[in-house]
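K.L.:
attaching a predicted model along with its sequence, questions to come.
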Amino acid sequence: MILPDRESEKPLLPLAHSPAASPPSSRGNSPPATYKLDRTLVEVARSWFTGKRRVTTLAFVAFLFVVAWGNAGGRDHGPRYHWAKFGGGGGPGGYWGPGPNAMDVQRMQNGGQMGGGHPPPPPGAGQEWNGNQEQGQGGQGAPPKPVVEEVYKPLTELGKEADDVYKVGDIDRGRYKAELEAFIRTHFPPRDWDEKDPHSLLNDMRRYFPEPAKRFNERLLPPIPEKLFQTAPTEDEHLKKQQETNSFTAWHPGLNITFHDDDVANSWVLQRFHMPDEEPFQPHVGIIEAWRRLASPAILRSDTWRYLILAVEGGVYADSDVSLIRPFWEWGDNPSWNGKRPVDYRPPSFIVGVEADVGSREDWHQWWPRPLQFSQWIIGSARGHPVMIDTLRRIVETALSPNFNRKDSNGHVMSVMERTGPGPFTDAVLRYVQSQWGKTWADLRGLGQDGWRYRGEKGGVWGDLKVLSITGFSPGVGHMGAEDITHPAAMAQHEFAGSWKGDGEDG
């Protein structure tokens, strides 16, 4: 068959056409049908392999060759794909696309990437879609959405290490409350979780989780009682600090002071938190069992005692070497008020002071367990406050865990700071603050001398927790923005005697 010159022929017909639409032959007579078909196919081939279409055609052929080479095994270069069904099961909801072959799947299971550094295929690639994971329109299964990896952004310039040191826990208020309820029911005697008693420890704790419309109502949230609690190894040790104790009674004549030495504290715990005799002994349950495990060093019990007595009694705890600078009733005031409280002022139910705020200091972990931490040498708390209950929960659950006294690879056990000290206490404070008002540890850095307390924009709504600036309980320390003891923000002064450090712990 001899083809005419390309320049002299007429344009080719579309591939899809009817015989009636075909133009008459230039030769006068209609050629046979077979001739028309042969001529059409040849001209299509010529048009795709000449001129500008040649590059597109060759690229398409090369693509087919690469796919065939990869499926055949090829060399270990680049991705190797096969065609697989994505989504939809056997219905119309799916689509077809390249998926990983067996070698790529094995590599991904071993933690590696697919050949050539390419990212893995989308979730579900090469698998049948069950139609239940996500429903599209008309009840048809939809393909899985691509997984987007979130890039972690540290809260401060100290980086992720500083954020990770905090063990805040679940901040959902419902689950937070349920966890504290379960802790009280499990480890406290029945009288503390008596549902019918409106003044049981359980019901006192629940006051801080009311309905949103009743949050921070003064009727529901009591002030801190004017009672002082102190402890020391012996009564003689306590008498040596009589001058500091007298500073409290100077401001509060007739102040109710409770002092426990080590022996009295032990007797009080065994009596107050005794479980009923009829209940079978459970070695991993109860305040008393945790207390037994906290026998040494003695600071572990000293820390735990202050949290226990504030939780079930309410009041102010202070180390025996702490002096009172201003009375309890001024602790909730802002220095900027100049003695004139707002008319809608409500006293806080919990008061804590900043102990350390390291700023941008990168060596903070050599000195403090947290880059921002709160002091626990003096604390003011109403009975049943969630911060006290949560602090105890952390200490008790840690003490009852099998690894409590287990040494690490360097021969060290968990430090006092992390077992009962400012570590778990700070985490408990931050959990409450973040759960109730959405503030993280980074939001409480660099506080001014007024400290921080939530207050509603329209007035009349006050948060029940007050955070004092570092001047509040650490005036005169000479760093981190602390002012002198004469500053109106200074409430109490700690002498930092550190007697506990000689009891088998150097931190």
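P.N.:
Perfect, thanks for sending it.

K.L.:
now what about whichever strand or helix holds Gly380, what contacts it?
P.N.:
Using DSSP states H and E, Gly380 maps to strand 378-381. Outside strand 378-381, the residues that touch it by Cβ atoms under 8 Å, 6 or more residues apart in numbering are 224, 306, 310-311, 314-319, 322, 328, 331, 348-353, 387-388, 473, 492, 494. Bear in mind the C-beta positions are built from the backbone N, C-alpha and C, glycine included.

K.L.:
partner strands of it, parallel or antiparallel?
P.N.:
Within its sheet, and counting by DSSP bridges, strand 378-381 is paired with strand 315-318 (antiparallel), strand 350-357 (antiparallel).

K.L.:
now it: average pLDDT?
P.N.:
When pLDDT is averaged over strand 378-381, the result is 98.

K.L.:
also stretch 469-482?
P.N.:
94.

K.L.:
that stretch: end-to-end distance?
P.N.:
In stretch 469-482, first residue to last residue: 8 Å (Cα to Cα, to the nearest Å).

K.L.:
buried ones in that stretch?
P.N.:
469-475, 477, 480, 482 (16 or more other Cβ atoms under 10 Å).

K.L.:
same question for stretch 429-449.
P.N.:
Here stretch 429-449 shows 429-436, 439-445, 447, 449 as buried, counting by 16+ other Cβ under 10 Å.

K.L.:
show me those residues that map onto helices.
P.N.:
429-436 (DSSP state H).

K.L.:
tell me the one of these nearest Glu161?
P.N.:
Leu430 (16.6 Å; Cβ to Cβ).

K.L.:
and Ser267, helix, strand or coil?
P.N.:
helix (DSSP: H, G, I helix; E, B strand; the rest coil).

K.L.:
quick one: contacts for Lys167?
P.N.:
Lys167 neighbours (Cβ under 8 Å, 6+ apart): 394, 424, 427.

K.L.:
can you tell me which of those residues are in helices?
P.N.:
By the criterion of DSSP H, membership of these in helices covers 394, 424, 427.

K.L.:
how many other residues sit next to the last one?
P.N.:
So the one you mean is Asp427. 23 (other Cβ atoms under 10 Å).

K.L.:
quick check, it in contact with Tyr166.
P.N.:
Yes: in this structure Asp427 lies within contact range of Tyr166 using Cβ atoms under 8 Å: 5.9 Å.

K.L.:
overlap of the contact sets of these two?
P.N.:
Arg370.

K.L.:
which pLDDT value goes with Glu505?
P.N.:
pLDDT, read off for Glu505, is 48.

K.L.:
try Pro210
P.N.:
79.

K.L.:
am I right that it is in a helix?
P.N.:
No: counting by three-state DSSP, one finds Pro210 to be coil, located in no helix.

K.L.:
please name the nearest non-neighbouring residue to Ala250.
P.N.:
Leu324 (7.5 Å; Cβ to Cβ, 6 or more residues apart in numbering).

K.L.:
give the contact list for that neighbour.
P.N.:
247-248, 250-251, 318, 491-492.

K.L.:
between the contacts of Lys167, which is nearest Gln243?
P.N.:
Using Cβ to Cβ, Pro424 comes nearest to Gln243 of the contacts of Lys167, at 31.5 Å.

K.L.:
residues in contact with that closest one?
P.N.:
167, 391, 394-395, 398, 418.

K.L.:
which of those tops the neighbour count?
P.N.:
Greatest neighbour count in these, by other Cβ under 10 Å, goes to Thr391: 29 neighbours.

K.L.:
quick one: contacts for it?
P.N.:
307, 424-425, 428.

K.L.:
could you pull up the mean pLDDT of the helix or strand hosting Tyr307?
P.N.:
Per DSSP H and E: Tyr307 is located in helix 299-312. In this model, helix 299-312 has a mean pLDDT of 98.

K.L.:
which helices and strands sit right next to it?
P.N.:
Under the contact definition 3 or more Cβ pairs under 8 Å, 6 or more residues apart in numbering; DSSP states H and E, helix 299-312 sits against strand 227-231, strand 256-260, helix 262-272, helix 287-293, strand 315-318, strand 378-381, helix 386-399, helix 416-419.

K.L.:
point out where the stretch 351-500 of the chain drops to low pLDDT.
P.N.:
Along the stretch 351-500 of the chain, the parts satisfying pLDDT under 70 run over 407-409, 411, 459, 497-500.

K.L.:
so where do the strands sit in the chain?
P.N.:
Here the chain has its strands, by DSSP state E, at 81-86, 95-100, 227-231, 256-260, 315-318, 322-324, 350-357, 372-374, 378-381, 465-468, 492-494.

K.L.:
show me what the last one packs onto, helices and strands only.
P.N.:
Contacts of strand 492-494 with other secondary structure elements, assessed using 3+ Cβ pairs under 8 Å, 6+ apart, are made with strand 322-324, helix 470-473.

K.L.:
fine by me, we can end here.
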